[in-house]
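**Student:** Can you look at this prediction? I've put the sequence above it.
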Amino acid sequence: MSFGKGCHLHLIDGSAFIFRAYHALPPLTRKSDGLPIGAVAGFCNMLYKQIEANKGPDAPTHVAVIFDYSGKTFRNEIYDKYKANRPPPPEDLRPQFPLTRDATRAFNIACHEVEGFEADDIIATLSRQAREAGGRCTIISSDKDLMQLVGGGVEMLDAMKNKRIDADGVREKFGVGPERVVDVQALAGDSVDNIPGAPGIGIKTAALLINEYGDLENLLEHAEEIKQPKRRQALIENADLIRLSKQLVTLVDDMDLDFTLDDLELKAPEPEPLLSFLTEMEFRTLTKRIADQMGVEPPAIEVSAAPVDTPDAPPFNAGKYEWVKDVDALTKWIERIYERGYVAVDTETTGLDTMRVDLVGISLSVEAGEACYIPLRHKESAGDDLFASDALAEGQMNFDVALTMLKPMLQDESILKIGQNMKYDAKIFARVGVDVAPIDDTMLLSYALHAGLHNHGMDALSERYLDHSPIPIKPLLGAGKSAITFDKVKVADAVPYAAEDADITLRLWQMFKPRLHVEQVTTVYETMERPLVPVLAQMEMNGIKVDRDVLSRMSNNFAQKMAALEAEIHELAGRSFNVGSPKQLGEILFDEMGLEGGKKGKTGAYATGADVLEDLAAEGNELAARVLDWRQLSKLKSTYTDALQDHINPDTGRVHTSYVIAGANTGRLASTDPNLQNIPVRTEEGRKIREAFVADEGKVLLSLDYSQIELRILAHIADIDALKQAFRDGLDIHAMTASEMFDVPLDEMTPDIRRKAKAINFGVIYGISGFGLARNLRIPRKEAQGFIDRYFERFPGIRTYMDTTVEYAKEHKYVKTLFGRKIHTPEMGSKGPRAGFAKRAAINAPIQGSAADIIRRAMVRMPEAIYGMPAKMLLQVHDELIFEVEEGAVDAVTKVVRDVMEGASMPAVKLDVPLIVDAGVGVNWAEAH
DNA sequence: CTCGTCACG
DNA sequence: GACGTACGTGACGAGT
């Protein structure tokens, strides 16, 4: 049947379907290999619903799904900033694009995209053809850019709201008929697509003007006549931009297409290709539903494909690993990787500082027992050679050739790159211009599965799960002063070591990946571990600018004060000794001066901690007081003002910390080399160090932190009405607790009573004990216990929470955060003092862990949220994020970041309390905090 | 390499 | 009845 009168064409906006599906569904993955599949699932469901919903009398005769071609379009040539604000699609969505095309074809529906054009242009062209042939056309989309096409038998249909949009609907939205929509859009512009338009003119004003002057050209010609000076000026000054905008928003409706309307004729889906596609995607429910509807037997979905059990994994054999020396050998590996769809990757470098080391070689593995090493920059001479030469060793590919060959594979959306601690390798690759994606990380898989049970380093995992001790690196590099870097290792020695790491990584992945579902931590891994890798890698590469001179001046200052104190201390002690030695200090205080004090078990040394010295100082001991002063300065100098200077990268002038994703059992990050999560703030003197952390010229540091996030989570989890209400009312929570506990009205609150309540609030989070609170508040233990009893009396829900949590931990040997993170508590139920530790850790973990989850979720969403804004995320300090922002953009960035942070629990968890984020700005961190 | 100490949330 | 006790981290210097 040739398309004509009586025919009805349905054009589905494929990209809109994909994004809607992606955002509507959790990040599902294919069970057998972890391929992200949520958007495809949603897409198929929407397509199927669309088919089912259109079987009535108004059924289409012709259907097509139209997609955007990935890449630049002709509009970018007209205007280079077109859609430049659009963030790139999420990493786990990209591999799903081709699959949605496959899905469309599997449903036996025509599917088209054209290079250099947008889907909207194709839709415009087809709808015009349909109209001219005398038929009808329904565009299934709610995109306002398509509204210009409505009329003359062309309508739109919002599939979500099931609402048809005709010419009246367009008038409602734009204030003008479809034929004038582009004029209004050209004037109003569009910040999402970066259409400039005229400043200060929105849709309302634009419609008003167009209705008054008939069309855009006439309006521009008569712009001088406009009464309002602002509008007149905007139109006159921006006439060219407005005409350009019109060009951008006007859809091309006369494309040369290599298919006709007749090719889009609706055909019934064929059971075979459709069901085999759905089975391949492992969509159980949909496969069954469609099979039933077609009246055929649903095919079985066997999920044992690749990993699951690998009882026949071959034993480790380092002799079997391949030394890749030339293009032919590497080509073969790349071909195998494409056959497989995944590869384990590991990089060897000249050190551990990712910002400075060189890439020395790359290892790959696609199957247990089979791995290769591609040496690239090994030096000629071996370690025993006295004069190491700079010449490259034999048997290595040219560095650039190898990278050029590997780069497309490493960046290919359809190839999963598996690594152990991929953040490290991703940073190394980023420095040679390769953006590795998508990735899986065995360290993070283990973290999601086993947090609390053991560490997640490769050696430990290999021993524990593969019963294999990896080849140690020590014999290759040596130790101490004579240690060499990996590029000095003989290639023949490097091959088995390096290739084995890839082999181990692959085997661990095969073992761990299927366990995610079994342990119900897929969502944890997919939303809070894996997507964090590129985010943290970027933050670490950003670094934060540190002013060396500020630190250096402080160091000198501290050194002088310390010298003076040291002399004073020696004077008081009656002899000279090392003030930094707790052992010597203890002997002086307790033996020579004969003060009261006890030994501390294991080493037999006296305890001289701050608490001990403070007690002595309070009794009037001058020596103890001076040592405390000295210690504070010593700490600040050695750990901060001195050490920090050594961490300033000479190339960037910035300090690049490294975040440990799988370090803390609770889900918190840890910061190392240097630790930027413990920069002083509590004392005036220490806080000055933060003045050395500065923003680049023209920029400021912006700090946003969650207010009382752990107490809010406690209020939510333990379901304490009084606390929840207090947070909703924005009350001072410690004062409110104090008032409740000590029967003091809020307006009679004293700082001291509030301080006690604050200590109790924190104590609760940590699994309070009378002893601990007594020590913290320096009050008699009995009194502390009285406070605690009173607290539980007033908030009985807290006790219930603690009891049920401990019971849960006893039974399951793990606890869970609000977002499903499991924290294992293997010590639970053991005897002795360890029982107490385990109990308190179990009480604390869901609280601290949920807070950690929330900021992780915020961080994962941040790059997209601030995309296109002149802002960089630099640091995370547990409940605080620090950004470097161009001065003029501070307000805009603050709003966006605050929204993301305050909404980070959604949609997974709707908290009963609001999350509140405080913001600060300054030229340095001291000001911003 | 372990311990004591102390910086942070 | 005694025992040890706030939760989670990392870095430094001393001393083995």
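**Tutor:** In hand now; what should we look at? Numbers count the residues shown, from 1 in each chain, chains lettered A, B, ... in the order given.
**Student:** What is the burial count for A:Ala919?
**Tutor:** 18 (other CB atoms under 10 Å). Where C-beta positions appear, they are placed from N, C-alpha and C, glycine not excepted.
**Student:** A:Asp705 now?
**Tutor:** By other CB under 10 Å, the residues close to A:Asp705 number 19.
**Student:** Over to A:Gln510?
**Tutor:** Count around A:Gln510 with other CB under 10 Å applied: 22.
**Student:** would you say it is within a helix?
**Tutor:** Yes - the assignment for A:Gln510 is a helix, going by DSSP: H, G, I helix; E, B strand; the rest coil.
**Student:** pLDDT value on it, please?
**Tutor:** Per-residue pLDDT puts A:Gln510 at 96.
**Student:** quick one: it from A:Lys31, how far?
**Tutor:** Note on A:Gln510: its distance to A:Lys31, by CB to CB, to the nearest Å, is 13 Å.
**Student:** for DNA strand B, what are the nearby residues on the stretch 651-800 of chain A?
**Tutor:** A:Gln677, A:Asn678, A:Ile679, A:Pro680, A:Val681, A:Arg682, A:Thr683, A:Gly686 (CB under 7 Å from any atom of the strand).
**Student:** Now the last one: closest residue in space, sequence neighbours ignored.
**Tutor:** On the basis of CB to CB, 6 or more residues apart in numbering, the spatially nearest residue to A:Gly686 that is not a chain neighbour turns out to be A:Pro680, at 2.7 Å.
**Student:** Which strand or helix spans that neighbour?
**Tutor:** Counting by DSSP states H and E, no helix or strand carries A:Pro680.
**Student:** just for the stretch 201-350 of chain A, where's the confidence low?
**Tutor:** A:302-311 (pLDDT under 70).
**Student:** In it, which residue sits nearest DNA strand C?
**Tutor:** Ranking the residues of the stretch 201-350 of chain A by distance to DNA strand C (CB to the nearest atom of the strand) places A:Thr349 first, at 18.8 Å.
**Student:** Which stretches in the stretch 751-900 of chain A count as strands?
**Tutor:** Ranges of strands within the stretch 751-900 of chain A are A:814-816, A:822-824, A:871-876, A:880-886, based on DSSP state E, counting those that start in this stretch.
**Student:** Identify the residue of chain A closest to DNA strand C, quick one.
**Tutor:** Closest contact between chain A and DNA strand C, by CB to the nearest atom of the strand, is at A:Gly763 (2.2 Å).
**Student:** Distance check, the nearest residue to that residue once chain neighbours are set aside against A:Arg754.
**Tutor:** Spatial nearest neighbour of A:Gly763, excluding adjacent residues (CB to CB, 6+ apart): A:Leu773 at 5.0 Å. Distance, A:Leu773 to A:Arg754, using CB to CB: 15 Å.
**Student:** Just the strands from the stretch 601-750 of chain A, written as ranges.
**Tutor:** According to DSSP E, counting those that start in this stretch, the strands that the stretch 601-750 of chain A contains are A:654-655, A:658-660, A:670-672, A:693-694, A:699-706.
**Student:** Give me every residue in the stretch 501-650 of chain A that's in contact range of DNA strand C.
**Tutor:** Residues of the stretch 501-650 of chain A lying near DNA strand C (CB under 7 Å from any atom of the strand): A:Asn578, A:Gly580, A:Ser581, A:Lys583, A:Gln584, A:Ser634, A:Ser638, A:Thr639, A:Asp642, A:Ala643.
**Student:** count of neighbours near the third one?
**Tutor:** For A:Ser581, the number of neighbouring residues by other CB under 10 Å comes to 13.
**Student:** Which one (most neighbours) among the residues of the stretch 651-800 of chain A next to DNA strand B?
**Tutor:** Neighbour max across those (other CB under 10 Å) = A:Ile679, 22 neighbours.
**Student:** was I right about that residue contacting A:Arg690?
**Tutor:** Yes - counting by CB atoms under 8 Å, A:Ile679 touches A:Arg690, with 6.0 Å between them.
**Student:** mind listing what the single nearest residue of the stretch 451-600 of chain A relative to DNA strand B touches?
**Tutor:** DNA strand B sits closest to A:Pro582 of the stretch 451-600 of chain A, with a gap of 3.9 Å, by CB to the nearest atom of the strand. Going by CB atoms under 8 Å, 6 or more residues apart in numbering, A:Pro582 touches A:Ala605, A:Tyr606, A:Thr608.
**Student:** rerun at 7 Å
**Tutor:** A:Ala605, A:Thr608 (CB atoms under 7 Å, 6 or more residues apart in numbering).
**Student:** Also A:Leu264?
**Tutor:** Here A:Leu264 is in contact with A:Leu9, A:His62, A:Val63, A:Ala64, A:Ala110 (CB under 7 Å, 6+ apart).
**Student:** Need those residues in CSV (columns: neighbour count, secondary structure and distance to A:Ala344).
**Tutor:** Shown next, in CSV, are the contacts of A:Leu264 (neighbours: other CB atoms under 10 Å; DSSP: H, G, I helix; E, B strand; the rest coil; distance: CB to CB, whole Å):
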residue, neighbour count, secondary structure, distance to A:Ala344
A:Leu9, 27, strand, 48
A:His62, 23, strand, 47
A:Val63, 26, strand, 43
A:Ala64, 24, strand, 41
A:Ala110, 17, strand, 40
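**Student:** which of the residues you listed come close to DNA strand C?
**Tutor:** Applying CB under 7 Å from any atom of the strand to the contacts of A:Leu264, none is adjacent to DNA strand C.
**Student:** List just the nearest of the residues you listed to DNA strand B.
**Tutor:** Comparing every one of these with DNA strand B (CB to the nearest atom of the strand), the shortest separation belongs to A:Ala64, at 53.4 Å.
**Student:** Name the helix or strand for the nearest residue to A:Thr894 once chain neighbours are set aside, please.
**Tutor:** Excluding its sequence neighbours, the residue lying closest to A:Thr894 (CB to CB, 6+ apart) is A:Ala919, at 5.1 Å. Taking DSSP H and E as the criterion, A:Ala919 maps to strand A:917-922.
**Student:** Quick check: can you name the pairing partners of that strand and their directions?
**Tutor:** The pairing partners recorded for strand A:917-922 under DSSP bridges are strand A:699-706 (antiparallel).
**Student:** What are the contacting residues of the strand it pairs with?
**Tutor:** Against strand A:699-706 from outside (CB under 7 Å, 6+ apart): A:695, A:879-887, A:890, A:893-894, A:897-898, A:901, A:915, A:917-925, A:928-929.
**Student:** What subset of the residues you listed is buried?
**Tutor:** A:695, A:879-886, A:890, A:893-894, A:897-898, A:901, A:915, A:917, A:919-922, A:924-925, A:928-929 (16 or more other CB atoms under 10 Å).
**Student:** circling back: is it true that the residue nearest to A:Gly763 touches A:Val764?
**Tutor:** No - applying CB atoms under 7 Å as the test, A:Leu773 and A:Val764 come out as separate, 9.7 Å apart.
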